[in-house]
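Peer 1: From the sequence below, what's the structure:
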Amino acid sequence: MLDKLRQFFQTRAGAATAGVILLLSLIPAFFAVRSVFTNEGERLSAGRLYIDAKTGKPYRVELTTGMTVPTKAPSGGDTGYPAELCYWTKDGKVKEDPTPVLLNQFKGKPEPTFCPDCGRLVVGHNPRPHSLCDKPPPTETEYKSRRR
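Peer 2: You can find the predicted model right below:
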């Protein structure tokens, strides 16, 4: 049987088959080697969610060396800012799909930022809840009543 395989691979069709098998085996090898040299954290940190200040719409940005903020946005101008994610609902429960929020500091406003979806305080590097028991950030009304 090995002699028949050896004879087959010495033919033109056998050489083509061997080439196809070699190419197909290189694909999983490439992904295996790539996963050794890059980790999930690197991939996640390079791909960020930004918000176009002009349109208010979120979009993905692949961070590169020398990139500045604001960055080029889909609307065409340099109006792209990093989005902060809000993980809360109006009733103070944790939600799976966070809402991207543009901080007021990027709009040139001095007041704190509140999520347009749930109305809760959003800060820079907004923390993700660690558990379902975490206390939600204050609503705008709660925040203002504490500041008096």
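Peer 1: Please name the bridge partners of the spatially closest residue to residue 71 that is not a sequence neighbour.
Peer 2: Residue nearest to residue 71 in three dimensions, not counting chain neighbours: residue 80, with 4.1 Å by Cβ to Cβ, 6 or more residues apart in numbering. Using the backbone N, CA and C atoms, a C-beta is placed for each residue, glycine as well. Bridge pairing for residue 80 (DSSP bridges) gives the partners residue 52, residue 71.
Peer 1: For residue 80, give me its contacts.
Peer 2: 50-53, 59, 61, 69-73 (Cβ atoms under 8 Å, 6 or more residues apart in numbering).
Peer 1: Dump the residues you listed to JSON lines, plus distance to residue 4.
Peer 2: Putting these into JSON lines (distance: Cβ to Cβ, whole Å) gives the following:
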{"residue": "50", "distance to residue 4": "60"}
{"residue": "51", "distance to residue 4": "64"}
{"residue": "52", "distance to residue 4": "64"}
{"residue": "53", "distance to residue 4": "69"}
{"residue": "59", "distance to residue 4": "58"}
{"residue": "61", "distance to residue 4": "56"}
{"residue": "69", "distance to residue 4": "65"}
{"residue": "70", "distance to residue 4": "67"}
{"residue": "71", "distance to residue 4": "61"}
{"residue": "72", "distance to residue 4": "61"}
{"residue": "73", "distance to residue 4": "63"}
